[in-house]
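Engineer: using only what follows, build the 3D model:
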Amino acid sequence: MKKFVLVANSTIDETAAYYAEHDIKCASLSFTIDGQTIKEDFGATLPFHDFFEKLRAGSTSQTSQAQVGDYLSIFRDACAAGLDVVYLGFSSGLSGSYQAGCMAAQEIGKDFPERKIRCVDTLSAAGGEGVLVDLAWRIRDEGKTADECADEIEALKMHVLHLVTVDDLNHLWRGGRVSRTSAVLGTLVGIKPVIFLDNNGTLQVCHKIRGRRQSLEFLGDELLRQLDAREQLLRAEGRDAEAQALRGQIVRISHGDCEPDAQYLADYLHAHGLPNVAIRMIDTVIGSHTGPGVIALFGIGSERRAF
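Structural biologist: Residues are numbered from 1 along each chain as shown. Prediction:
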């Protein structure tokens, strides 16, 4: 019997069917494009391809955090049913959604003091969040408690790697990540910035690679280096079973309407000994800031770092 309700945001690069299949409650973020505000609904209102086509045509998209009222409704329903709650929040370094969830948890806690509502700041985004949510529903289905689940996620989250490259520097310029001059010059000479999510859950540009395929292989090589480092650490600690399972993990690739590039990276990883790669379209909130052509690679490795 499940002992808690699992809650996540809409930013994990998954489908509505995934949330339904694994009984995950969703607190959605919103975006506004061409004067229309849409609560993220996994492409139902505005298909992902159409969204990215709008960005390619020059439209801009503004994003909004999940609302306190949405969390209040989800948390209250769970507690009224006699269940605890684990909420895995979109990185506080990128959104106020996690803080909104904490506010709701405090409010609901007054009415249900006997219930636990564990809010975890994943310091993760997109497929990186998805890695943690995948683990969380498995922990829940094993019959573990909310505290056990939240503690396991807290222990793992800083090992979830977010390795990103973008195809269009202008979106990073609009978001303040690179200067206008860098965006113009970089585009002219085919520079592809490489970005990682740091320990504060914020995006940092760490490299600039010339050439699209070179940037994709650069991401793959860093993940492989990180897997080697974590495997060595686990074996040194006598955790051989975990070390052996590391290369069998489901590695995630999310893309901004550029599936051939995602498949190229997947094939590269397959050729280097990683058999399980899942490809997804990146969600509209993250896509609003990165633009079309983004490729993001996620997996469990050693540590988040500039590389």
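Engineer: tell me where the stretch 201-307 of the chain has helices.
Structural biologist: All helices of the stretch 201-307 of the chain, identified by DSSP state H, counting those that start in this stretch, fall at 212-236, 240-245, 259-271, 284-290.
Engineer: spit out the contact partners of the nearest residue to S92 once chain neighbours are set aside.
Structural biologist: Distances taken as CB to CB, 6 or more residues apart in numbering place Y98 nearest to S92, at 4.5 Å, with adjacent residues excluded. Backbone N, C-alpha and C define where each C-beta goes, glycine included. Neighbour list for Y98: 89-92, 119, 121 [criterion: CB atoms under 8 Å, 6 or more residues apart in numbering].
Engineer: give the next helix or strand downstream of the lowest-mean-pLDDT helix or strand in the chain.
Structural biologist: Lowest on mean pLDDT, DSSP states H and E among the helices and strands of the chain sits helix 180-188, with a mean of 61. Remark: after helix 180-188, the chain's next helix or strand is strand 191-197, criterion DSSP states H and E.
Engineer: please enumerate residues in contact with that next one?
Structural biologist: Looking at what lies outside strand 191-197 - CB under 8 Å, 6+ apart - the contacts are 91, 93, 123-125, 128, 161-167, 169, 172, 177-178, 185-186, 203-212, 214-215, 218-219, 304-307.
Engineer: how far away is the closest residue to I286 other than its chain neighbours from V294?
Structural biologist: Nearest non-adjacent residue to I286, counting by CB to CB, 6+ apart: A126, 5.0 Å away. To V294, A126 is 9 Å away according to CB to CB, to the nearest Å.
Engineer: got the phi and psi for the residue sitting nearest the centre point of the chain?
Structural biologist: Nearest to the mean C-alpha position of the chain, by CA atoms, centre = their mean, lies A126 at 2.1 Å. Reported as degrees, to the nearest 10, the phi and psi values for A126 are phi 50, psi -130.
Engineer: residue contacts, L88?
Structural biologist: Applying CB under 8 Å, 6+ apart, the residues near L88 are 6-9, 120, 122, 129, 132-133, 136, 153.
Engineer: for it, list each beta-bridge partner.
Structural biologist: A8, V120 (DSSP bridges).
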